[in-house]
Structure formats: C-alpha cells, structure tokens
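# Sharing a model that was predicted from the sequence below.
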Amino acid sequence: GAVVSQHPSWVICKSGTSVKIECRSLDFQATTMFWYRQFPKQSLMLMATSNEGSKATYEQGVEKDKFLINHASLTLSTLTVTSAHPEDSSFYICSARDRTSGRASVVDTQYFGPGTRLTVL
Amino acid sequence: GQQVMQIPQYQHVQEGEDFTTYCNSSTTLSNIQWYKQRPGGHPVFLIQLVKSGEVKKQKRLTFQFGEAKKNSSLHITATQTTDVGTYFCAGGGNEKLTFGTGTRLTIIP
C-alpha cells in the first residue's frame, strides 16, 4: 500500500523558534497533500491543502504567515511553524492523495503519515 | 461549513460485547471513510463507502452508509481488547476530508 512518512516524529523547541516538519510520499506521487492538527483527545482539524507547484490553501482561522507550507515536488511537502509558542504544541499529521487513484475515480483516498508531536516550551 | 458529528463520544464495553458508533453530517457526502486511531498513534484507514445504502463488512466490523448519504455507522461484533482506540468517520467532498468528532472505545477485560 501507499506509504507516507513524516520527519521528525517528535520535536521539543523553545518558544520563539521555528520548526520544520517534512511529509514524504514514499512509493507514489502526490499532487495534493493535506496538513492536519490534532490536540489531545480531539479530532483532526484540517489546516491547509498543499498543491505541488502552487500556493497552499489554508482553512479559515489558520494563519498562513505562521504556518508556512511548501510543496516543491510530487513527493515532498513541508510545514514550518514559525515563531512557535506553547499553544502551538500539538500533533501535526500530513496526508497525501494518490495521484493515480484521484484520476481514475471520484473517491478521495488519503494516506496518512505517522504524525509529528510538537512541544513548545 | 460542513460539520460531522459522532455519537457517542466515549464508549466503555465489556470484552465480547458489541459496539456501535454513529456519524452524522450536516451536508450530503460524496463518500464516507472510517479510520481507527490507537492511543499515541496516527489514523489508520479502515474503509471507504461511496454508494447510497452501501454496507460493507470486514470480519467483525460492519459499515453502513445511509440512503441520504448524510450518515454512517460502524458496528463491531464481540469486541476484543485489540479494538481499543478512537474511531473517526470522515466525510469526503470537494477534495477534502472533514473528520468527525470521534468515538473513543475502551474495553473492560
């Protein structure tokens, strides 16, 4: 099956620093990747949709200048949390949509990465 | 915007009992997906339903998609300790998934 990796799996940083999280599709090409955030005991909330070669589309309430997304290739998207603060501590999960399945059918199959746990001190 | 609610929020069952979680969307869905997330883990895809009234089975798990494509259910027969986790439905449409609020299942041995 399709595999998505994330790096790092966890990170602890000081308030005010920036953190970059990578999301890679290992065995398929993904024109579209999604970034989610999950606070403890809550559901996944979509932050933004990342499209290869174009600007990301952010959900309402998500600051685009704080959460920088870059999707430079068909297998890599990065999320940079700039000037992180303790309230940004969360579980960040990416997903990637298989390009071939998206073309072949109307269904929307996303494959999730293992997540990155961010703790800001 | 689209909202997807699940009930119950929590469910504690004795091992061997059945379990059901219900998913309701505020809008009609093009498809519904179900995920399981173990504590400390990430969501793992279980199944996808596309057709109105569709029913699919995976061993002890039965998934249904409502006729109006606005609700869905997941039923687990004879729960086992390995079933613990949070079950999320996710409504598909407009290329995005909207996750439900989740149902956390705990099993009492």
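Done, it's in. Everything numeric here is computed off the predicted structure, so don't read it as measured data. Numbers count the residues shown, from 1 in each chain, chains lettered A, B, ... in the order given.
# Now do stretch A:33-42: distance to the chain's middle.
Relative to the centre of its chain, stretch A:33-42 is centred 9 Å away, using Cα atoms, centre = their mean, to the nearest Å.
# Now that stretch: buried residues?
Of all the residues in stretch A:33-42, those buried under the rule 16 or more other Cβ atoms under 10 Å in any protein chain shown are A:33, A:34, A:35, A:36, A:37, A:38. Placement of C-beta: from N, CA and C, glycine included.
# Those: which ones sit near chain B?
When contact is defined as Cβ under 8 Å from any Cβ of the partner chain, the buried residues of stretch A:33-42 meet chain B at A:34, A:36.
# Any figure for the gap between residue A:83 and chain B?
26 Å (Cβ to the nearest Cβ, to the nearest Å).
# State the helix or strand in which that residue lies.
Using DSSP states H and E, residue A:83 maps to neither a helix nor a strand.
# Report the spatially closest residue to it, excluding sequence-adjacent ones.
Nearest non-adjacent residue to residue A:83, counting by Cβ to Cβ, 6 or more residues apart in numbering or on different chains: residue A:16, 5.7 Å away.
# Confirm that residue A:87 lies within a helix, as I assumed.
Yes - counting by DSSP: H, G, I helix; E, B strand; the rest coil, residue A:87 is part of a helix.
# Return the distance of it relative to residue A:18.
15 Å (Cβ to Cβ, to the nearest Å).
# which of the two has more neighbours?
A direct count of neighbours by other Cβ atoms under 10 Å in any protein chain shown for residue A:87 and residue A:18 places residue A:18 higher, at 12 against 9.
# OK, contacts around the residue nearest to the more buried one when sequence neighbours are not counted?
Among residues not flanking residue A:18 along the chain, residue A:82 sits closest, at 4.7 Å (Cβ to Cβ, 6+ apart). Contacts for residue A:82 (Cβ atoms under 8 Å, 6 or more residues apart in numbering or on different chains) come out as A:18, A:65, A:66, A:67, A:68.
# Roughly how far does the first one sit from residue A:66?
Spatial separation of residue A:18 from residue A:66 under the definition Cβ to Cβ is 10 Å.
# what residues are shared contacts of those two?
A:81, A:82, A:83.
# With distance to residue B:29 and pLDDT added, can I get those residues in TSV?
Converted to TSV, the shared contacts of residue A:18 and residue A:66 look like this (distance: Cβ to Cβ, whole Å; pLDDT from 0 to 100):
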residue	distance to residue B:29	pLDDT
A:81	31	97
A:82	35	97
A:83	37	96
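# ok, residue A:15 - contacts?
Going by Cβ under 8 Å, 6+ apart, the list of residues near residue A:15 reads A:84, A:85, A:86, A:120, A:121.
# Roughly how far does the third one sit from chain B?
Taking Cβ to the nearest Cβ as the measure, residue A:86 falls 21 Å from chain B.
# No more questions from me, cheers.
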